[in-house]
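S.K.: following is a predicted model, sequence given first.
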Amino acid sequence: MYSKSKRWFTKLLVFALILSMALAPASAAFAATGNKKVTNSGKLQLILYKGQSGDSNTLSYVVSGLPSNALVTKIEIYTGTLSYTGGMQTNHMKVTGTNKSGTDQVSWGGAGSTTIQSNYFNGTNANGTYTLSFNGTYVGGTLQGGVLLEMCTKTYTAPYITVFYSY
């Protein structure tokens, strides 16, 4: 009798497990993820004179075509190819977006061809427009034709962003 009730209980337990798995929504277990790279053929450029600090021009990146419920999990920024004259300290990359007020100031040493990351927009709608600019400080001038010019320049060519999202 004990083994008969034990078999009956085991069958009931297996049936309950199968039923609960069949009725559980698929979205409860897994969220879909993806990423979208958005390029811009422009340049981020800054020219500073002795004693100055400032921001570069801005580049815009329009992210569209993602599912309407796609939420940002991170944004990676590829800084682009670096060229410069003189000495300029790069302080940070500024990132803004249409889906969250404020600006993320991502710490960065100024290296070209580098990927940096912003988590400021996590949890916001991934579709939108994002802008990049960088902030720098004059450190030293440049020699041109044997003359010291008290100015410096820094240019990042073709930076892009990759928006990672889940939905």
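M.R.: Here it is on my side, so go on.

S.K.: from memory residue 58 sits against residue 132, does it?
M.R.: Yes: with contact defined as CB atoms under 8 Å, residue 58 counts as touching residue 132 (6.6 Å). To be clear about C-beta, it is placed using only N, CA and C from the backbone, and glycine gets the same treatment.

S.K.: okay, and the common contacts of these two?
M.R.: Common contacts of residue 58 and residue 132 (CB atoms under 8 Å, 6 or more residues apart in numbering): residue 44.

S.K.: show me which of the two is the more surrounded one.
M.R.: residue 132 (26 against 13; other CB atoms under 10 Å).

S.K.: how near is the more buried one to residue 113?
M.R.: For residue 132, the distance to residue 113 equals 15 Å [CB to CB, to the nearest Å].

S.K.: and if you look at residue 151?
M.R.: According to CB to CB, residue 151 stands 24 Å off from residue 113.

S.K.: neighbour count for those two, which is higher?
M.R.: Just comparing residue 151 and residue 113: by other CB under 10 Å the higher neighbour count belongs to residue 151, 18 against 11.

S.K.: got the phi/psi numbers for the residue lying closest to that one once chain neighbours are set aside?
M.R.: Among residues not flanking residue 151 along the chain, residue 49 sits closest, at 5.0 Å (CB to CB, 6 or more residues apart in numbering). Main-chain dihedrals, residue 49, degrees, to the nearest 10: phi -110, psi 170.

S.K.: ok, residue 49 - how many residues close by?
M.R.: By other CB under 10 Å, 13 other residues sit near residue 49.
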